[in-house]
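K.L.:
Just the structure for this:
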Amino acid sequence: MPAIRDDLRNVAIVAHVDHGKTTLVDAMLRQSGVYRANQEVVDRVMDSMDLEREKGITILAKQTAVEFRGVRINVVDTPGHADFGGEVERTLRMVDAVLLLVDASEGPLPQTRYVLGKALARRLPVVVCVNKVDRADARPAEVVHEIEELFLDLDADEHQVGFPILYANARTGRAGHHPDELAEDLGPLLETIVATTPPPSYEPGHPLQFLVTNLDADPYVGRLAVGRLWQGEVGLGDRVGVAKRDGTLAIAKVTKIVGAIGLSRSDLDHAGPGEIVAIAGLGDVTVGETVTDPEDPRPLPVVSIDEPSISMRFGVNTSPFAGNDGSYLTSRHLKERLDREVLGNVSIRVLPTSSPDTFEVQGRGELQLAILVEQARREGYELEVSRPEVITRVVGGRVQEPYEAVTLDVPEEFVGVITQGLSLRKGRLANMVNHGTGWVRLEFRVPARGLIGFRSTLLTATRGTAILHHLFDGYDEWAGPIHDRVNGALVADRVGTTTGYALDQLQERGELFVGPGTQVYEGMIIGENARPDDMDVNPTREKQKTNIRTHAADEAIRLVPPTQLSLEQAIERVGPDELVEVTPSLLRLRKRVLDGAARGRAAKRARQRS
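P.N.:
Numbers count the residues shown, from 1 in each chain. Just a heads-up that it's a prediction; the model follows:
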């Protein structure tokens, strides 16, 4: 006869990007008495990584716990971006219910559909919270109707369709059952979570079953396996077995058990069924493996996740300036860093290539891979990365490629230019909704290739006003060639330091990426040509000194400020024969083949073959 733990609830908060998950967790922690009266508190305290704070998104799922009327609620804050869907899938293996947060103005967006579909597939009960009801453009009644339609579209069963609905203003920490009648705190929301979330059930006397869903590190005890105890109990010093992915059983000893209350981590002597804890002493345990009783091992099913759809090449920095900036330069360093990433991130794959200095890294999307590159450069690595490519497959002798469901919110006057731009990238318009507020929502189905490099074009065409979200939408027939690169590159033809005089002559040719006084080398891309062809230029030319002075020669040089590319923009801009050189302090674009004469011969052979 199963027993239950009525003093415990496990719930995950899921939502689209920027719908207020982390802000809501802030309010829960504040109201549960986690902070001292004089304690300084930062906003979005769960976004502990520098990158998360800079970009305003959650990258890693994190767990905390709050006490409410004698019940401990384990709350897991999950990422809202589709590229980090692997984190969401693992998180849903730890919890018994889902709190779905939806913006009261934007309504359900692609990631809302994605995470809700995963939760419904696991038959988890859902509590819906419509957040930001204080917005001037809030439309809570219409949003609730859209959520109900979404549940029906995702084939929710009759138990899931009858979900409770609450309304909240997470920033002020208020919630209620009606949008215009919010309580002074989050009490109604927490009451509903406790009432809706099933308490953990277990079988007394059952052997230990602890599923590892995440990894952490401790500077003193090493690797920590984070997960949930489904059955049995574990204590400090216990001898346990680790059921590996290959079917073998490794014996280990528990050296530390860590639990969470609020923001603090506390050492435990013992953990029981239903609890989410971190365990040390398990050796090289990885995500998806089960910690079990060595005398009666009963492993749980391995965590399965969606396949990657985008790949990039990561290689050792081979530019003439390699080694001037970073600390980790060799292929051994790069391989160790990628292997370390794979251990804790099951949605990343690393494959060897024909070159020992280059590795193929596969993931969910451009942002996920760009975050990995950014983390590596901040750790002191120098590397080169290629343009993202889609991962194709062959079914029935025909090539298939991944497609994305794209949702765009744009002002009415830009509908035409957006439709034209995506149609050139083989996109098909699926739906268009005009809310009557001057903004239009467009839904497209676009090959994933067509979105590579599209974001910067979109922001330029709409003067930075458009909002784009996309989500993997399965594989379909190869759409044919997509000509998304219409401009060539301005390529330096020698080593040296750029001068204002030379750049003044070159800025008429196109958009520059470097300013005066910048070190360049042969094959380095210093700008974008206004024409389709590449152009080799000399950005280091100095003004000739003569005894003759003329009015024209002495005119002041007026340079347009160079375009400063972010890492994501640089990755989008490079072409098939180009690379992004990444160091801890610099980003450079370069040709794959640096020698200009060799590139010319290769281009001539390509023209002859065609």
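K.L.:
Quick one: name whatever helix or strand follows the least confident helix or strand in the chain by mean pLDDT.
P.N.:
Ranking every helix and strand in the chain by mean pLDDT, DSSP states H and E puts helix 50-55 at the bottom, with a mean of 43. As assigned by DSSP states H and E, the chain's next helix or strand after helix 50-55 is strand 62-68.
K.L.:
now that next one, how far from the chain's geometric center?
P.N.:
Computed by CA atoms, centre = their mean, to the nearest Å, the chain-centroid distance of strand 62-68 equals 24 Å.
K.L.:
Could you list every helix and strand that it packs against?
P.N.:
Using 3 or more CB pairs under 8 Å, 6 or more residues apart in numbering; DSSP states H and E as the contact test, the elements touching strand 62-68 are helix 21-31, strand 71-77, helix 187-196, strand 256-261. Bear in mind the C-beta positions are built from the backbone N, C-alpha and C, glycine included.
K.L.:
on contacts alone, who are the packing partners of the third one?
P.N.:
Read that as helix 187-196. Using 3+ CB pairs under 8 Å, 6+ apart, the elements in contact with helix 187-196 are strand 8-15, strand 62-68, strand 71-77, strand 97-103, strand 126-131, strand 165-169, strand 174-176.
K.L.:
Excluding its own residues, what touches it? List them.
P.N.:
By CB atoms under 8 Å, 6 or more residues apart in numbering, the residues outside helix 187-196 that reach it are 9, 11, 28, 66, 68-69, 71, 73, 97, 99, 125, 127, 129, 164, 166, 168, 175-177.
K.L.:
Going by neighbour count, which of the residues you listed are buried?
P.N.:
Among these, those classed as buried by 16 or more other CB atoms under 10 Å are 9, 11, 28, 66, 68, 71, 73, 97, 99, 125, 127, 129, 164, 166, 168, 175-176.
K.L.:
What helix or strand is L367 located in?
P.N.:
Going by DSSP H and E, L367 is in helix 366-378.
K.L.:
mind listing what's buried in that helix?
P.N.:
Across helix 366-378, burial judged by 16+ other CB under 10 Å covers E366, L367, Q368, L369, A370, I371, L372, V373, E374, Q375, A376, R377.
K.L.:
how close does the last one get to L383?
P.N.:
Relative to L383, R377 is positioned 8 Å away (CB to CB, to the nearest Å).
K.L.:
and for these two, which residues touch both?
P.N.:
The contact lists of R377 and L383 share V582, where a contact means CB under 8 Å, 6+ apart.
K.L.:
Give the buried residues for stretch 421-431.
P.N.:
G421, L422, R425, K426, G427, L429.
K.L.:
quick one: which of these is nearest L211?
P.N.:
Using CB to CB, G427 comes nearest to L211 of the buried residues of stretch 421-431, at 39.9 Å.
K.L.:
residues contacting the closest residue to the closest one other than its chain neighbours?
P.N.:
Nearest non-adjacent residue to G427, counting by CB to CB, 6 or more residues apart in numbering: V446, 3.7 Å away. V446 makes contact with Y403, E404, V406, L422, R425, K426, G427, R428, H470, according to CB under 8 Å, 6+ apart.
K.L.:
The helix or strand V446 falls within: partners in the sheet, and parallel or antiparallel?
P.N.:
In the assignment (DSSP H and E), V446 maps to strand 439-447. If you go by DSSP bridges, strand 439-447 pairs up with strand 398-411 (antiparallel), strand 428-434 (antiparallel).
K.L.:
I figured V226 hits N214, correct?
P.N.:
Yes. In this structure V226 lies within contact range of N214 using CB atoms under 8 Å: 4.0 Å.
K.L.:
hang on, the earlier thing: and after the strand holding V446, which helix or strand comes next?
P.N.:
Strand 439-447 is succeeded, C-terminally, by helix 448-451 (DSSP H and E).
K.L.:
Provide the contact partners of that next one at residue level.
P.N.:
Contact with helix 448-451 is made by 309-310, 389-390, 401-404, 406, 422, 425-427, 470, 472, 479, 482, 484, as judged by CB under 8 Å, 6+ apart.
K.L.:
Can you select the buried ones among those residues for me in PyMOL?
P.N.:
The following PyMOL line selects those of the contacts of helix 448-451 that are buried, judged by 16+ other CB under 10 Å:
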select buried, resi 309+310+389+390+401+402+403+404+406+422+425+426+427+470+472+479+484
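K.L.:
Mind checking which of the contacts of helix 448-451 land in helices?
P.N.:
Judged by DSSP state H, these include L422 as members of helices.
K.L.:
so what's the closest residue to R387 other than its chain neighbours up against?
P.N.:
Once flanking residues are discounted, R387 sits nearest to V574: 4.8 Å by CB to CB, 6+ apart. Contacts for V574 (CB under 8 Å, 6+ apart) come out as S386, R387, V580, L589.
K.L.:
same deal with P576?
P.N.:
If you count contacts by CB under 8 Å, 6+ apart, P576 has them with R387.
K.L.:
Which stretches in the stretch 251-400 of the chain count as helices?
P.N.:
Assigned by DSSP state H, counting those that start in this stretch, the stretch 251-400 of the chain shows helices spanning 331-344, 366-378.
K.L.:
so can I have TSV of the ones you listed showing mean pLDDT and distance to D269?
P.N.:
TSV is the format used below for those (pLDDT from 0 to 100; distance: least, CB to CB, whole Å):
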stretch	mean pLDDT	distance to D269
helix 331-344	86	27
helix 366-378	86	35
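K.L.:
which stretch among those helices comes nearest W230?
P.N.:
Proximity to W230, assessed across the helices of the stretch 251-400 of the chain by CB to CB, is greatest for helix 331-344 (21.0 Å).
K.L.:
so where's the stretch 451-600 of the chain shaky on pLDDT?
P.N.:
Along the stretch 451-600 of the chain, segments meeting pLDDT under 70 span 484, 546-555.
K.L.:
all helices in it, in order from the N-terminus.
P.N.:
Using DSSP H, counting those that start in this stretch, helices in the stretch 451-600 of the chain cover 454-461, 500-506, 567-573, 596-609.
K.L.:
circling back: how much space separates the residue nearest to G427 from L458?
P.N.:
According to CB to CB, V446 stands 12 Å off from L458.
K.L.:
Likewise for I391?
P.N.:
For I391, the distance to L458 (CB to CB) stands at 24 Å.
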